[in-house]
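Asker: Provide a 3D model corresponding to the input given below.
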Amino acid sequence: MDDQSLLTEISALKNEIQQLKYEKGISTFQDSNFHKSQVRFRTIFESSMLGNKIISPDLKILQLNQAMVALLGYDTKDEIIGTRILDYTPTEHLEDWKILQDNLWKNSMPSFGIETCLRKKDGTLFWCQVTSILFKDQNQNYGYTIIEDCTERHDLRRQKEEFISVASHQLNTPITSLKARLQVMNRMLGNENDVSTKFRKLSQEAETYTTKLGYLVGDLLNLTKIELEDFPLNRTKFVLSDVIDGCCSHINLQAEYTIKFKGDHKLKVVADIIKVDQILINLVNNAVKYAPDSKEIEIEVKQLDNMAKVLVTDKGQGISADHMANLFTRYYRVDKDMFKTSGLGLGLYVSSEIIKRHGGDMGVESEIGKGSTFWFTLPLN
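Answerer: As a prediction, this is how the structure comes out:
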């Protein structure tokens, strides 16, 4: 090798050494940052006042903090590490963890939350809010779970719901009686020639407002039954179009509104006919209430595999995307300036819960300026 070749080789080696030093420096820097992150995570994990744990896909507890140990009524972590969270779950709440497991690992949701019940070492039960976050470590997915004791909040909500249920039941009887008497009175007034138009109008308005009050009380009754898990379904097989015809005939629509039915007139479903009737009334009422300029309301029935799909469409001003995301939550109502209406914001929430209990889905499609379509599905068998 001549001198020139030797100098070239030495220069290349120097460059390689310099590059190695540079890469080693980066690696050292990264290792240092990684170590600091690990220390910060462990500090937060251990010092948290809430129960923290890390679980595997089969719900095995791999690590937990002292707050979680205390929450379950134990003394040391070693008593719990290696067990499964199902070991501390009452039988009637095992399904809650299966839902969390499916959503995190099967459906790959980044996070999921539930309210459920756990059992302490001494056998006492407590309610807790569970929030799990999916994270990956060495190509394996784990769940980082935060558990907060919410027994007091749960009990207070339960008491409130029981109070609303009792109050609603007490209100329901006099409202029903009042409505019946107003209906009779209006029929009698209709046959009287010497009754003033103003008096007749006031009587009709009284009946209308009593009907609205009845709907509000009905929503409260259904809400509390759902929350208290006292919501049995009386399933029968019936033709959907018969229910649609019935519910539309007794809804107090103005003369300019028309209901147009399309689709399968003979399609049958297995469901609670009374509750399906309530849902349809609610959706048609909403179409009139929130789309007052839409003169035609369309109800369509069609079959999708083993499900029936019912769509209620208006040609109103539509609903914006930010409203649609919250329509089926409790007490949510759209902008009061947008729709001059009254209500508790319970109708769609109650309707969606009823559909879920039937094994179906409920949703909405809308575009500003082009109207809205609310739909739900029910099983055929």
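
Asker: Show me where the chain has its helices.
Answerer: 3-47, 66-71, 94-101, 151-190, 197-227, 240-249, 273-290, 321-324, 347-358 (DSSP state H).

Asker: For residue 369, which residues are in contact?
Answerer: 317, 318 (CB atoms under 8 Å, 6 or more residues apart in numbering). (Glycine included, C-beta is placed from N, CA and C.)

Asker: ok so, going back, what's the closest of the helices of the chain to residue 79?
Answerer: helix 66-71 (7.8 Å; CB to CB).

Asker: Tell me which of the helices of the chain sits nearest to residue 85.
Answerer: helix 94-101 (6.2 Å).

Asker: What is that closest one packed up against?
Answerer: Applying 3 or more CB pairs under 8 Å, 6 or more residues apart in numbering; DSSP states H and E, one finds that helix 94-101 makes contact with strand 111-119.

Asker: Now do the same for the strand it packs on: mean pLDDT, whole number.
Answerer: What strand 111-119 shows for mean pLDDT is 90.

Asker: now what about that strand, what contacts it?
Answerer: Outside strand 111-119, the residues that reach it (CB under 8 Å, 6+ apart) are 71-72, 85, 88-90, 92-93, 96-97, 99-100, 103-104, 125-134, 147, 150, 154.

Asker: That one vs helix 151-190, what angle?
Answerer: Angle, strand 111-119 to helix 151-190, by axes from the mean of the first three to the mean of the last three CA atoms, to 10 degrees: 110 degrees.

Asker: and stretch 53-73, C-alpha only, in PDB?
Answerer: The C-alpha coordinates for stretch 53-73 follow below in PDB (Å, rounded to 0.1, in the frame of the first residue of the first chain):
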ATOM      1  CA  LYS A  53     -52.300  -1.100  38.200                       C
ATOM      2  CA  ILE A  54     -50.900  -2.600  35.000                       C
ATOM      3  CA  ILE A  55     -52.800  -5.500  33.500                       C
ATOM      4  CA  SER A  56     -52.100  -8.000  30.700                       C
ATOM      5  CA  PRO A  57     -54.600  -9.000  28.000                       C
ATOM      6  CA  ASP A  58     -55.900 -11.800  30.200                       C
ATOM      7  CA  LEU A  59     -56.600  -9.200  33.000                       C
ATOM      8  CA  LYS A  60     -53.700 -10.500  35.100                       C
ATOM      9  CA  ILE A  61     -52.300  -7.800  37.500                       C
ATOM     10  CA  LEU A  62     -48.600  -7.300  36.700                       C
ATOM     11  CA  GLN A  63     -48.000  -4.300  38.900                       C
ATOM     12  CA  LEU A  64     -49.900  -2.000  41.200                       C
ATOM     13  CA  ASN A  65     -49.300   0.900  43.600                       C
ATOM     14  CA  GLN A  66     -49.900   1.000  47.400                       C
ATOM     15  CA  ALA A  67     -53.100   3.000  46.900                       C
ATOM     16  CA  MET A  68     -54.500   0.000  44.900                       C
ATOM     17  CA  VAL A  69     -53.400  -2.400  47.700                       C
ATOM     18  CA  ALA A  70     -55.200  -0.300  50.300                       C
ATOM     19  CA  LEU A  71     -58.300   0.000  48.100                       C
ATOM     20  CA  LEU A  72     -58.600  -3.800  47.900                       C
ATOM     21  CA  GLY A  73     -58.000  -4.100  51.700                       C
END
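
Asker: List the contacts of that stretch.
Answerer: So stretch 53-73 is contacted by 45-52, 75-77, 79-86, 88, 97, 101, 105, 118, 120-122, 124, 126, 128, 132, 140-145, 147, 149 (CB under 8 Å, 6+ apart).

Asker: Name the residues that touch the lengthiest strand in the chain?
Answerer: Longest strand in the chain by number of residues (criterion: DSSP state E): strand 125-137. Contact with strand 125-137 is made by 51, 55, 71, 90, 100, 104-105, 108-120, 141-151, 153-155, as judged by CB under 8 Å, 6+ apart.

Asker: Can you flag the buried ones in the residues you listed?
Answerer: Buried by 16 or more other CB atoms under 10 Å: 51, 55, 71, 100, 104-105, 112, 116-119, 142-150, 154, out of these.

Asker: how about low-confidence regions in the stretch 151-300 of the chain?
Answerer: Under the criterion pLDDT under 70, the flagged ranges of the stretch 151-300 of the chain are 165, 169, 223-231, 247-256.

Asker: can you do 80?
Answerer: The model of the stretch 151-300 of the chain has pLDDT under 80 over residues 157-173, 176, 186, 189-200, 203-205, 207-209, 211-233, 245-258, 285, 288-295.

Asker: Can you give the domain ranges for this structure?
Answerer: Split into domains by automatic domain parsing, the chain comes to 1-47, 49-149, 155-227, 235-379.

Asker: now the second one, how far from the centre of its chain.
Answerer: The offset between the C-alpha centroid of domain 49-149 and the centroid of the whole chain comes to 22 Å, using CA atoms, centre = their mean, to the nearest Å.

Asker: Equivalent analysis for stretch 195-206, please.
Answerer: Distance, centroid of stretch 195-206 to centroid of chain: 43 Å (CA atoms, centre = their mean).
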